[in-house]
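Trainee: Just to be clear, the model below is a prediction. Sequence and coordinates:
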Amino acid sequence: MAIVSHFQLILLLSLCTLLFKSCSWSPERVSDYERWVSWNVANYQKRTVKEAESLVQTPGSSGTVLDLKLRNAEMNRVRKSVSQDGTGDFKTIKEALDSIPLHNIKRVILDIKPGVYREKIIVPRTLPFVTFLGNSSDPPTITGNDTASATGRNGMPLKTFQSATVAVDANYFVAINVKFENTAPHEIGSVGGQAVALRISGTKAAFYNCSFYGAQDTLYDHKGLHYFNNCFIQGSVDFIFGYGRSLYEVQNCNLNSIAKKVASLTAQKRTNSSLESGFSFKDNVVTGSGTVFLGRAWGDYSRVVFSYTFLDKLVLPQGWSNWGNHKRASSVYYGEYKCTGPGANLTGRVGWARVLTDEEAKPFIGTYYVEGDTWLISPYQI
């Protein structure tokens with residue numbers, strides 16, 4: 001009896017070894033999804049350790065250790081006021097920006113008084129550390145109505161990139177209590193109707209208590225690390241789009257659809273598996289008109305996660321769209337975690353949508369997702 005059991009044990013171990021070899025997750029077999037989860041979890045753990053170490057090194061601190069450039073800029077702040085009635089240092093935002101020296105190394109806070117500023121604003125790469133600061137009870141509005149098909153100074157169409165009312169190419173930009181607007185309407189079936197309210201192309205940018213109003217392509221989250229806190233974002237078609245690696249969180253960031261038929265909240269364009277980009281929405285509210293997908297795949301490796309978010313009934317049961325390219329279903333990363341509301345019913349979701357586990361969700365639900373421990377500053381300190 002003992003000999004038979006021993007033989008059976010050897011046979012069982014041999015079979016297990018063969019099975020393990022045939023099913024082993026070698027680098028060639030590991031999917032893009034598994035690599036992404038592994039990478040994010042590792043990053044989360046690494047940042048958690050780093051934050052703990054910084055707290056030990058600087059007792060009583062918040063754990064934030066600013067990068068050297070930002071720390072120096074914050075220690076040498078400059079304030080300038082903008083008021084249309086002439087009581088400030090400048091009457092227009094453009095005049096205030098023109099007064100800042102190129103390759104600026106100081107935090108320049110533009111205190112923008114209430115009013116409607118009909119200006120097309122560009123913050124160039126040579127002007128980092130700029131802050132737009134408005135009044136929380138009466139925020140200033142920066143408005144325009146350019147579209148992708150509108151004619152530029154060179155006689156050529158502006159295209160989506162240049163249609164923005166406000167375009168920020170500089171790093172370390174901050175906006176607090178500001179309304180960004182593009183009033184061009186969206187007409188179903190029209191060509192060149194993209195009308196951006198804000199394009200953010202610089203990295204390490206933060207937006208607090210801001211609102212973004214538009215129709216098609218409202219917020220061009222182009223590229224870089226970005227953080228949105230307590231913001232209102234309104235649009236119809238792909239109204240949050242781009243390559244950015246961004247966190248939209250806390251105190252109910254409101255995503256409001258004004259779609260007349262079927263639209264999409266996001267169009268994240270991650271084009272290859274090595275890009276560290278994607279949109280994470282935490283503690284948000286999705287409401288409005290029409291019916292919407294949470295996202296559609298602009299890029300083959302598009303990445304979007306919604307967590308702790310209230311999804312109203314306008315969210316389509318499928319949840320997500322591959323934009324007509326069925327190959328993208330195997331490479332995109334679309335996840336949901338502990339969302340609520342009638343639109344959070346997972347029964348009709350596409351088969352390639354992800355229902356995240358606690359461990360998988362961790363990397364997306366903190367400011368470490370955008371490396372915020374080295375550059376995020378409380379708006380109350382400005």
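Mentor: Structure received.
Trainee: C-alpha only now, for contacts and for neighbours.
Mentor: Will do.
Trainee: what are the phi and psi angles of Tyr369?
Mentor: phi -60, psi -30 (degrees, to the nearest 10).
Trainee: Looking at it now. What's its pLDDT?
Mentor: At Tyr369, the model reports a pLDDT of 96.
Trainee: Repeat that for the one 10 residues further on.
Mentor: Per-residue confidence (pLDDT) for Pro379: 89.
Trainee: these two touch, right, it and Ala206?
Mentor: No - the criterion here is CA atoms under 8 Å, and Pro379 misses it with Ala206 at 9.3 Å.
Trainee: Show the contacting residues for Ser190.
Mentor: Listed by CA atoms under 8 Å, 6 or more residues apart in numbering, Ser190 has no contact partners.
Trainee: which SS state does it fall under?
Mentor: Following DSSP: H, G, I helix; E, B strand; the rest coil, we place Ser190 in the coil state.
Trainee: Could you check how far it is from Thr147?
Mentor: 11 Å (CA to CA, to the nearest Å).
Trainee: where's His103 relative to Val196, distance?
Mentor: As for His103, its distance to Val196 is 27 Å (criterion: CA to CA).
Trainee: Neighbour count for these two, which is higher?
Mentor: Neighbours were counted for His103 and for Val196 using other CA atoms under 10 Å; Val196 has more, 36 against 12.
Trainee: hmm, back to that, Pro379 and Ala206: which has the busier surroundings?
Mentor: Neighbours per residue (other CA under 10 Å) separate Pro379 from Ala206, with Ala206 holding more: 25 against 15.
Trainee: mind listing what that one touches?
Mentor: Tyr172, Phe173, Val174, Ala175, His226, Tyr227, Phe228, Asn229, Leu376.
Trainee: Neighbour-wise, which one of those leads?
Mentor: That'd be His226 among the contacts of Ala206, by other CA under 10 Å, with 30 neighbours.
Trainee: Is that one within a helix or a strand, and which one?
Mentor: Assessed by DSSP states H and E, His226 sits inside strand 225-229.
Trainee: That strand - contacts with which helices or strands?
Mentor: Secondary-structure packing of strand 225-229 (3 or more CA pairs under 8 Å, 6 or more residues apart in numbering; DSSP states H and E): strand 205-208, strand 245-249.
Trainee: out of those strands, deepest packed?
Mentor: strand 245-249 (a mean of 25; mean count of other CA atoms under 10 Å).
Trainee: neighbouring strands for that strand, and are they parallel or not?
Mentor: Paired strands of strand 245-249, with direction, are strand 225-229 (parallel), strand 278-282 (parallel) (DSSP bridges).
Trainee: And what about the nearest residue to Tyr369 once chain neighbours are set aside, helix, strand or coil?
Mentor: Of all residues not flanking Tyr369 in the chain, Pro363 sits nearest, at 6.0 Å (CA to CA, 6 or more residues apart in numbering). At Pro363 the chain is in helix, as set by three-state DSSP.
Trainee: roughly how far apart are Pro363 and Ser190?
Mentor: Distance, Pro363 to Ser190, using CA to CA: 39 Å.
Trainee: which strand is the longest one in this protein?
Mentor: strand 253-264 (DSSP state E).
Trainee: if we can go back for a sec, residues making contact with the strand holding His226?
Mentor: Counting by CA under 8 Å, 6+ apart, residues outside strand 225-229 touching it are 202-209, 244-251, 253, 370-371.
Trainee: helix or strand right after it?
Mentor: strand 232-235.
Trainee: buried residues in that following strand?
Mentor: By 16 or more other CA atoms under 10 Å, the buried positions in strand 232-235 come out as Phe232, Ile233, Gln234, Gly235.
Trainee: tell me, how many neighbours does the residue nearest to Ser330 when sequence neighbours are not counted end up with?
Mentor: Nearest non-adjacent residue to Ser330, counting by CA to CA, 6+ apart: Trp352, 7.1 Å away. By other CA under 10 Å, 16 other residues sit near Trp352.
Trainee: which residues touch Cys253?
Mentor: Phe228, Asn229, Asn230, Cys231, Phe232, Ile233, Asp283, Asn284, Val285.
Trainee: Pick out the residue closest to the middle of the chain.
Mentor: For the chain, Ser246 is the residue whose C-alpha lies nearest the centre (CA atoms, centre = their mean; 2.9 Å).
Trainee: give the contact list for it.
Mentor: Per CA under 8 Å, 6+ apart, neighbours of Ser246: Asp221, Gly224, Leu225, His226, Tyr227, Phe228, Ser277, Gly278, Phe279, Ser280, Tyr369, Val370.
Trainee: Equivalent analysis for Ser163, please.
Mentor: Asp146, Thr147, Ala148, Ala150, Gln194, Ala195, Val196.
Trainee: How many neighbouring residues does the closest residue to the fourth one other than its chain neighbours have?
Mentor: Across the structure, with CA to CA, 6+ apart as the measure, the residue nearest Ala150 apart from its sequence neighbours is Pro157 (5.3 Å). If you count neighbours by other CA under 10 Å, Pro157 ends up with 16.
Trainee: Show the end-to-end separation of stretch 320-340, please.
Mentor: 17 Å.
Trainee: How about it, which residues are buried there?
Mentor: When burial is assessed from 16+ other CA under 10 Å, stretch 320-340 yields the following buried residues: 320-322, 328-329, 331-339.
Trainee: How about stretch 129-149?
Mentor: 129-134, 139-149.
Trainee: related to what we said a few turns ago, got the angle between the strand holding His226 and strand 253-264?
Mentor: Angle of strand 225-229 versus strand 253-264, following axes from the mean of the first three to the mean of the last three CA atoms, to 10 degrees, is 110 degrees.
Trainee: Low-confidence regions, the chain specifically.
Mentor: Across the chain, the ranges flagged by pLDDT under 70 are 1-64, 188-189, 251-252.
Trainee: Hmm, Glu276 is touching Tyr243, no?
Mentor: No - if you go by CA under 8 Å, Glu276 and Tyr243 don't touch, sitting 9.1 Å apart.
Trainee: Tell me which of those two has more neighbours.
Mentor: Tyr243 (26 against 16).
Trainee: before we move on, back to that, what pairs with the longest strand of the chain, and is each one parallel or antiparallel?
Mentor: strand 232-235 (parallel), strand 284-293 (parallel).
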